[in-house]
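Novice: Structure of the sequence below:
(one chain, ligands or ions: 1)
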Amino acid sequence: MSEHSDNIISIYRKYVLQTYANDLLFVRGKGSSLWDADGREYLDFTMGISVCNLGHCHPAVTKAIRQQAAKLVHISNLYINELQPVLAQKLVSNSFGEGAAFFCNSGAEANEGMIKLARKWGSDKGRFEIITMDDSFHGRTLATLAATGRAKYRKGFEPDTPGFSHVPFNNLQALEEKISDRTCAVMLEPVQGEGGIIPADAEYLKAVRALCDRKGVLLLFDEVQCGMGRTGTLFAWQAYGVQPDAFSLAKALGNGYPIGAFVIREGLRGVLTAGTHASTFGGTPLACAAACAVLDTIESKKLLERSNKMSRYFFRKLRALQKKYSAIRELRGKGLMIGIAMEGDVKEYLKRAREKGLLVISAGENVIRILPPLTVSRKEIDRAVDIIDQSVGGS
Ligand code: PLP
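Specialist: The predicted structure follows:
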């Protein structure tokens, strides 16, 4: 590593609170590639954990940010900006048809907003409890931590925010037994990300919708990781044909420019009214310009069709690899949200892949998580599969 990189990393260690275990410094990105300070290129199949779904520094997003930054950056929600309504209309017309969006800055904040929506909706009915899934991940704020279905993230931050309970994912009976007359909502990721790339079973999700309708509780989908084309449809729930009452977005909505949102169906419009929820930076002109460019590009470049083709190609190649290695237990996922479930811990595989120039990450302990951009090419997939082959094979 160069003296320049060493120097920056030592300042980072000293002055940035060390809550992340990391050691690679990157200075530039384009498409599927990242470059370190020494000019070494890496194939990035993490995309900032499902954030840069159009690839790094997509020209349409860069142009939109540049132009908007020169025009108007922020005015607060005390005033109306030109782009927030445009973005909201795009999100609503691509999902419920009729409804509304609230804008914020991150996935945790989007989920907090949905949690508040459900609590407010249930408040005059005596309903306040939210049921979420084991192994889910919903964020790091105190309420979203309580919603998160893995105790390890909550350890040391107790007492847990009250009003949350967890049931096994893809288990209808467990959910049915847990719902009570205090329940206001069920919240889940249609495809679990951090928990190990686990898609909801189609029949299960349909049955959850019917159960929520029968019991009179809201169904909330966390699409922070699986949304925005990642799984082959704009929103993961669309492939299931199961509509939630509200869903959250963040990560890829701005392709790296921070923006989060939750979208509600029309019937919930009256729940959060003036003064009941807010976010200073929510839906700034700059953030909305980035997100509008993302949605326009997904549509104009037909990225859903393209990514579905690439997904089929990727899975075909991975199935061939699975035949070769008994250590590969299962291939999971949808679209370009791909998990390779291994026999044991995947740390060593990730390390080997990185040494060979491929960035992939874990989901849970035993799953290699692969999140290429929707713009990925066959050639890049070939290269990644070669490296995964060598990494699993130990060469
Ligand atoms: N929800 C899901 C499904 C996520 O994967 C994440 C982050 O990984 C979050 C919520 C939290 O998002 P953020 O880190 O933007 O707060």
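Novice: In the stretch 251-395 of the chain, mark out all the strands, start to finish.
Specialist: In the stretch 251-395 of the chain, the strands defined using DSSP state E, counting those that start in this stretch lie at 260-265, 328-334, 337-342, 358-359, 361-363, 367-370.
Novice: Please see if stretch 269-280 touches the ligand.
Specialist: No: figure legend: stretch 269-280 not in contact with the ligand (Cβ under 6 Å from any ligand atom); closest approach 12.9 Å. (Each C-beta comes from the backbone N, C-alpha and C, glycine too.)
Novice: mind starting the numbering at 26 from now?
Specialist: With the count now opening at 26, the last piece we talked about shows up as stretch 294-305.
Novice: for the residue of the stretch 126-275 of the chain found nearest the ligand, phi and psi?
Specialist: Residue nearest to the ligand within the stretch 126-275 of the chain (Cβ to the nearest ligand atom): residue 132, separated by 2.2 Å. Main-chain dihedrals, residue 132, degrees, to the nearest 10: phi -70, psi -40.
Novice: For burial, what's the neighbour tally of it?
Specialist: 27 (other Cβ atoms under 10 Å).
Novice: residues in contact with it?
Specialist: By Cβ atoms under 8 Å, 6 or more residues apart in numbering, the contact set of residue 132 is 163-164, 247, 249-250, 273, 275-276, 285.
Novice: repeat that for 10 Å
Specialist: By Cβ atoms under 10 Å, 6 or more residues apart in numbering, the contact set of residue 132 is 74, 76, 162-166, 169, 247-250, 252, 273-276, 278, 285.
Novice: Can you turn the buried part of those residues into a PyMOL selection?
Specialist: Buried residues among the contacts of residue 132 (16 or more other Cβ atoms under 10 Å), as a PyMOL selection:
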select buried, resi 74+76+162+163+164+166+169+247+248+249+250+252+273+274+275+276+278+285
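Novice: and the ligand, which of the contacts of residue 132 reach it?
Specialist: 74, 162-164, 247, 249-250, 275.
Novice: so residue 54 is in which element?
Specialist: strand 51-55 (DSSP states H and E).
Novice: Show me the shaky parts of the stretch 26-175 of the chain.
Specialist: Applying pLDDT under 70 to the stretch 26-175 of the chain picks out no residues at all.
Novice: Name the residues of it found near the ligand, please.
Specialist: Residues of the stretch 26-175 of the chain lying near the ligand (Cβ under 6 Å from any ligand atom): 74, 131-133, 136, 162-164.
Novice: Widest-spaced pair of these?
Specialist: 74 and 136 (15.7 Å; Cβ to Cβ).
Novice: what are the ranges of the helices in the chain?
Specialist: Ranges of helices within the chain are 28-40, 72-75, 84-94, 108-118, 132-148, 167-172, 197-203, 227-240, 261-265, 310-325, 328-349, 372-380, 403-418, based on DSSP state H.
Novice: Which among the ones you listed is found nearest to residue 100?
Specialist: Comparing the helices of the chain under Cβ to Cβ, the one sitting nearest is helix 310-325, at 7.2 Å.
Novice: What is the closest one packed up against?
Specialist: Here helix 310-325 touches helix 84-94, helix 108-118, strand 124-129, strand 285-290, helix 328-349, going by 3 or more Cβ pairs under 10 Å, 6 or more residues apart in numbering; DSSP states H and E.
Novice: Next, the angle from the third one to helix 132-148.
Specialist: Relative orientation of strand 124-129 versus helix 132-148 (axes from the mean of the first three to the mean of the last three Cα atoms, to 10 degrees): 130 degrees.
Novice: who's in contact with residue 120?
Specialist: Neighbour list for residue 120: 126, 248, 252, 259-260, 262-263, 268-269, 271-272, 274, 288-290 [criterion: Cβ under 10 Å, 6+ apart].
Novice: still on that earlier bit, could you export the helices and strands packed on helix 310-325 to TSV, including columns for distance to residue 400?
Specialist: Shown next, in TSV, are those (distance: least, Cβ to Cβ, whole Å):
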stretch	distance to residue 400
helix 84-94	11
helix 108-118	20
strand 124-129	26
strand 285-290	23
helix 328-349	7
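Novice: closest to residue 329 among the contacts of residue 120?
Specialist: The shortest gap between residue 329 and any of the contacts of residue 120 belongs to residue 259, at 6.7 Å (Cβ to Cβ).
Novice: and the helices and strands packed on helix 310-325, which is most packed in?
Specialist: Among the helices and strands packed on helix 310-325, strand 285-290 has the highest mean neighbour count (mean count of other Cβ atoms under 10 Å), at a mean of 26.
Novice: Please name the strands paired to it in the sheet, noting orientation.
Specialist: Here strand 285-290 has these sheet partners by DSSP bridges: strand 124-129 (antiparallel), strand 271-274 (antiparallel).
Novice: Tell me which residues touch the residue lying closest to residue 113 once chain neighbours are set aside, please.
Specialist: Excluding its sequence neighbours, the residue lying closest to residue 113 (Cβ to Cβ, 6 or more residues apart in numbering) is residue 126, at 4.1 Å. Shown in contact with residue 126 (Cβ under 10 Å, 6+ apart): 109-110, 112-117, 120, 271, 274, 286-289, 308.
Novice: that older thread, between the strands of the stretch 276-420 of the chain, which one is closest to residue 326.
Specialist: Nearest of the strands of the stretch 276-420 of the chain (Cβ to Cβ): strand 362-367, 19.2 Å.
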